[in-house]
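# I would like the atomic coordinates for the input below:
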Amino acid sequence: MSVLAETKPLVLIVDDQPTNVQVLAEILGDEVRVMFALDGEQCLERVAQHAFDLILLDISLPGIDGFEVCTRLKQSPATAGVPVIFVSSRSEESDEERGFALGAMDYVHKPFLPSIVKARVRTHLRLRQLLQELAVVANLDGLTRLPNRRALDERLNAERERALAQGTPWSLLVVDLDHFKQFNDRFGHAAGDEVLRLAAGCVRENITREDFAGRWGGEEFLVLTPQPLDGAAQLANRLCKAVAALKSPYGNIHCSIGVAQFSAGEPVHGLFARADNAVYEAKARGRNQVVTTSLAAAL
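Model prediction:
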C-alpha cells in the first residue's frame, strides 16, 4: 500500500449482512480505507485494535445491538470522539431520537442512496479533522509552539497514573530563565518574546522522543522525562549548558533548573513543589545551574 493510501481516513462498517458491507464499501470507493465487522462483538474487537476515523454502525445486529455498541464506544475515552453514523432500515422517530441521545452524529437509511452516504461521510470526516486540529491548537502555547499549561497538566496526571500502574520511574524538570525581566526592561517585550522562542527551541532540540516539554507560564518551562533522578539530572545539565550557549542579540541567556523524581503516591502538586523549590535553591546559589531534590530531602 502506498504512503498516500495510508493517510486516508479509516472507516469501520458494521453490518451483519455482507452484501450491505460490500455496497457501502463500493459507495465510499477510494476516498477512505475500509474495515468491516459483522456483529457488535467483532466491532468492539476491531476498535480495540485500530484507530478509526468514523464508524458506520447498523442498529439491528445479532447479540449486542447497535445502540449498546454505541453506548460502549462513547463510554470509552479511546473511542468517545469517533463519530458514529447509524445505519438502519427502520425509520421510527424514536430510534433516531435514541441514537442521537447515545451520541450518534447522523443516520443513513436503507436502501442506500450513494450521494447521501458520501455526503454525510465526507461531512463527518471533515468535522473530525477540524476538531482534531482545534485540539492541537488548544494545547499549544501561541508564542513558543510548545505544549501549553493545559497540555502539561494533562501529561503530568497521565504520567502519575502510568507510574502508579506500572511502577516505572519518571522525573520533572522545572526550567526557569534567569534575570528574564531585564530583556523586557532593556530591549522591550518583543525582545523578551524572542528570548523565550530561542529558549523554547533549545529545550525542544535537547530532549528525546520519550521526554515531554512545554511552557508552564512566563519564563518557566517544564520537562517530563521517564528517567530516575540521576538520568534526569544529566538531561538537566545538558539543557542548562545548551541554553547558556545560545547566541542572542540581547545578551547571554541562562537558566536555573530544579529536578525531582516522582515518588509513588505523591500528588502532582507535591512533585512540582519540590522541583520548584530546587529552582529557588539554584538561583540562591548563583543561577545558571541545576539542583536536584529527593523526597527524603523535602521531608
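# buried sites along the helix or strand where V11 lies?
Take DSSP states H and E as the rule and V11 turns out to sit in strand 10-14. Going by neighbour count (16 or more other Cβ atoms under 10 Å), the buried part of strand 10-14 is 11-14. Quick note: C-beta positions are derived from backbone N, CA and C, even for glycine.
# and stretch 123-132, by the same measure?
Residues 124-125, 128 are the ones in stretch 123-132 that count as buried (16+ other Cβ under 10 Å).
# hmm, back to that, tabulate the buried residues of strand 10-14 (JSON lines), appending distance to F36 and pLDDT.
As requested, the buried residues of strand 10-14 are exported to JSON lines (distance: Cβ to Cβ, whole Å; pLDDT from 0 to 100):
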{"residue": "V11", "distance to F36": "9", "pLDDT": "97"}
{"residue": "L12", "distance to F36": "7", "pLDDT": "97"}
{"residue": "I13", "distance to F36": "5", "pLDDT": "97"}
{"residue": "V14", "distance to F36": "7", "pLDDT": "97"}
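# pick the one among those residues closest to P169.
Proximity of the buried residues of strand 10-14 to P169 was ranked by Cβ to Cβ; the top entry is L12 with 37.8 Å.
# quick check: the closest one touching M35?
Yes: under the criterion of Cβ atoms under 8 Å, L12 is in contact with M35, at a separation of 5.3 Å.
# what's the overlap in contacts for those two?
Counting by Cβ atoms under 8 Å, 6 or more residues apart in numbering, the shared contacts of L12 and M35 are 46, 50, 52.
# could you dump those residues to CSV with neighbour count and distance to D153?
Output for the shared contacts of L12 and M35, formatted as CSV (neighbours: other Cβ atoms under 10 Å; distance: Cβ to Cβ, whole Å):
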residue, neighbour count, distance to D153
R46, 16, 32
H50, 11, 29
F52, 20, 28
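# what's the closest of these to K181?
Nearest to K181, judged by Cβ to Cβ, of those is F52 at 49.7 Å.
# spatially nearest residue to the closest one (excluding sequence neighbours)?
The spatial neighbour of F52 that comes closest, neighbours along the chain excluded (Cβ to Cβ, 6 or more residues apart in numbering), is L12 at 4.7 Å.
# so how far is L73 from that neighbour?
Here the distance between L12 and L73 works out to 10 Å (Cβ to Cβ, to the nearest Å).
# overlap of the contact sets of these two?
When contacts are counted by Cβ under 8 Å, 6+ apart, L12 and L73 are jointly contacted by 47, 55.
# how near is R197 to N184?
When distance is defined by Cβ to Cβ, R197 is 14 Å away from N184.
# same question, R126
Separation of R126 from N184 (Cβ to Cβ) stands at 42 Å.
# for K74, same thing?
Counting by Cβ to Cβ, the separation of K74 from N184 is 47 Å.
# low pLDDT regions in the chain?
Low-confidence regions of the chain, defined by pLDDT under 70, span residues 1-6, 295-299.
# and the longest helix along it, what does it pack onto?
For the chain, the helix with the greatest residue count under DSSP state H is helix 114-138. Of the remaining helices and strands, those touching helix 114-138 by 3 or more Cβ pairs under 8 Å, 6 or more residues apart in numbering; DSSP states H and E are helix 18-28, strand 54-58, strand 84-88, strand 106-109.
# test my guess that V243 contacts N252.
No: counting by Cβ under 8 Å, V243 stays clear of N252, with 9.6 Å between them.
# name the residue in these two with the higher neighbour count.
When V243 is set against N252 and neighbours are counted by other Cβ atoms under 10 Å, the residue ahead is V243, at 23 against 13.
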